[in-house]
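Visitor: Coordinates only, no sequence provided:
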């Protein structure tokens, strides 16, 4: 499989880059599109559709095709994968029936491929990614390969979108099912945020809606331990501060802890929604932003993936949490450069609201503040 990555800050720039990429006879069949809400994503998707290219798209909090991060742009990975080896699905979940929708998609994929793998994008910051993964697992099995991320909105905390050929929704799941007998896909999700303080008990929660921890409204407890001031709806930076600097870590019996920062606040009772489930009765710890060694940890993890499971790759897709670049700033380019150099193949990535992947030593999870690197190779 041949792959090329292109970028631009307008529909016209993307059109020029697309034409240039195809000038040597390259004929892409699939495009992974990470596009800022500030651009006309419908026009860009329509242009790709007119060229006969299947579109998997998410809005973002930033984009990149190499180590140089950007914003208000489009980053697109083009692949000439055999059309018989993949299928795209797009389903809305207006009734918050995340698991049922995921099961429906996985069922269709199982009918088409004996062993499907999944690349997933979700919209709506309150969507429960954990339920989506559980739905896929119910049909495809606990060992299924599934990776992806939650769309962003340029840090406005307003509305996120996924899109495809002729489709665009702020309340939907876009998914590529891959035939693993013909396309090898492997990934790794690495975080690095360190825990602080003692374990605390989640005393009231429903799915990904956390009400109280140690019988205190979770927003108030987060503000107290994080030293966060001006905890009001008028504080435009509050959610960024909570998500990037003082998220919850959900403790697991197996594998690494999973990050669960607040993404949407319910001001009626000072609760908040996270990207994945936080079961009532579970234990959590607060956490602090990582030291510089987290970047080295991510790169070493990807190097280990290459050494043990994926010696060669044709392309890479990266979902990196928006909170990472907020915390790491310009140093984020060092991490991305290290990741890119592992296989040194075309890459496209986005800064996402959440990440999907298998936790180190654990299960499929919806992550936050994590870098999820996915490598693809057509057999």
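Guide: Good, I have the coordinates. As the structure is a computational prediction, the values presented were derived from the model and not from experiment.
Visitor: C-alpha from now on. contacts and neighbour counts both.
Guide: OK.
Visitor: how about the helices of the stretch 201-350 of the chain, start to end?
Guide: With DSSP state H, counting those that start in this stretch as the criterion, the stretch 201-350 of the chain has helices at 218-226, 238-245, 293-308, 322-328, 332-343.
Visitor: I meant to write the stretch 1-150 of the chain there.
Guide: Listed from the start of the chain, the stretch 1-150 of the chain has helices (DSSP H, counting those that start in this stretch) covering 11-22, 41-50, 98-112, 129-140.
Visitor: returning to that earlier point: pipe the helices of the stretch 201-350 of the chain into TSV and attach distance to residue 35, mean neighbour count and mean pLDDT per row.
Guide: Rendered in TSV, the data for these read as follows (distance: least, Cα to Cα, whole Å; neighbours: other Cα atoms under 10 Å; pLDDT from 0 to 100):
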stretch	distance to residue 35	mean neighbour count	mean pLDDT
helix 218-226	31	18	91
helix 238-245	20	21	78
helix 293-308	24	17	89
helix 322-328	14	21	82
helix 332-343	18	19	94
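Visitor: rewinding a little: single out the most deeply packed of the helices of the stretch 1-150 of the chain.
Guide: Neighbour counts averaged per stretch over the helices of the stretch 1-150 of the chain are highest for helix 129-140, at a mean of 22; criterion: mean count of other Cα atoms under 10 Å.
Visitor: what is the mean pLDDT for stretch 254-273?
Guide: Per-residue confidence for stretch 254-273 averages out to 87 on the pLDDT scale.
Visitor: In it, which residues are buried?
Guide: Burial within stretch 254-273, assessed by neighbour count using 16 or more other Cα atoms under 10 Å, is assigned to 256-265, 270-273.
Visitor: Next, give me the two most distant ones among the residues you listed.
Guide: In those, two members sit farther apart than any others by Cα to Cα. They are 256 and 270, at 28.1 Å.
Visitor: For the longest strand belonging to the chain, report the contacting residues that lie outside it.
Guide: Among the segments of the chain that qualify as a strand by DSSP state E, the longest is strand 194-206. With Cα atoms under 8 Å, 6 or more residues apart in numbering as the test, strand 194-206 has contacts from 210-215, 249, 277-290.
Visitor: Report the distance from that strand to the chain centre.
Guide: The chain centroid and the centroid of strand 194-206 are separated by 24 Å under Cα atoms, centre = their mean, to the nearest Å.
Visitor: Ok, stretch 25-45 next?
Guide: Taking Cα atoms, centre = their mean, one finds the center of stretch 25-45 at 17 Å from the center of the full chain.
Visitor: try stretch 199-208
Guide: Per Cα atoms, centre = their mean, the displacement of stretch 199-208 from the mean C-alpha position of its chain is 23 Å.
Visitor: Give the buried residues for that stretch.
Guide: Neighbour counts using 16+ other Cα under 10 Å place 199, 200, 202, 203, 204, 205, 207, 208 of stretch 199-208 among the buried residues.
Visitor: show me what contacts the residue nearest to the last one when sequence neighbours are not counted?
Guide: I take that to be residue 208. The spatial neighbour of residue 208 that comes closest, neighbours along the chain excluded (Cα to Cα, 6 or more residues apart in numbering), is residue 277 at 4.0 Å. Applying Cα under 8 Å, 6+ apart, one finds that residue 277 lies in contact with 128, 129, 130, 131, 206, 207, 208, 209.
Visitor: Single out whichever of the residues you listed has the smallest pLDDT.
Guide: By predicted confidence (pLDDT), the lowest-ranked of these is residue 130, with 84.
Visitor: neighbours around the closest residue to that one other than its chain neighbours, how many?
Guide: Excluding its sequence neighbours, the residue lying closest to residue 130 (Cα to Cα, 6+ apart) is residue 276, at 4.8 Å. Per other Cα atoms under 10 Å, the neighbour tally for residue 276 reads 28.
Visitor: repeat for residue 153
Guide: Applying the criterion other Cα under 10 Å, we find 25 residues in the vicinity of residue 153.
Visitor: Torsion angles phi and psi at it?
Guide: Note on residue 153: its backbone torsions stand at phi -150, psi 40 [degrees, to the nearest 10].
Visitor: State the pLDDT value of it.
Guide: At residue 153, the predicted lDDT confidence score is 96.
Visitor: Against residue 233, how distant is it?
Guide: 18 Å (Cα to Cα, to the nearest Å).
Visitor: just to revisit the earlier point, turn the helices of the stretch 201-350 of the chain into JSON lines, including distance to residue 24.
Guide: Formatted as JSON lines, the entries for these read as follows, by distance: least, Cα to Cα, whole Å:
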{"stretch": "helix 218-226", "distance to residue 24": "54"}
{"stretch": "helix 238-245", "distance to residue 24": "43"}
{"stretch": "helix 293-308", "distance to residue 24": "30"}
{"stretch": "helix 322-328", "distance to residue 24": "36"}
{"stretch": "helix 332-343", "distance to residue 24": "23"}
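Visitor: wait, which of those is closest to residue 378?
Guide: helix 332-343 (14.7 Å).
Visitor: Leaving out sequence neighbours, find the closest residue to residue 145.
Guide: Using Cα to Cα, 6+ apart and skipping residues adjacent in sequence, the residue nearest residue 145 is residue 117, 5.0 Å away.
Visitor: picking that back up, so of the contacts of strand 194-206, which ones are in strands?
Guide: Secondary structure defined by DSSP E assigns 210, 211, 212, 213, 249, 283, 284, 285, 286, 287, 288 of those to strands.
Visitor: sorry, back to before: within the sheet, what are the partner strands of the longest strand of the chain, with directions?
Guide: Partner strands and pairing direction for strand 194-206 (DSSP bridges) are strand 209-213 (antiparallel), strand 283-288 (antiparallel).
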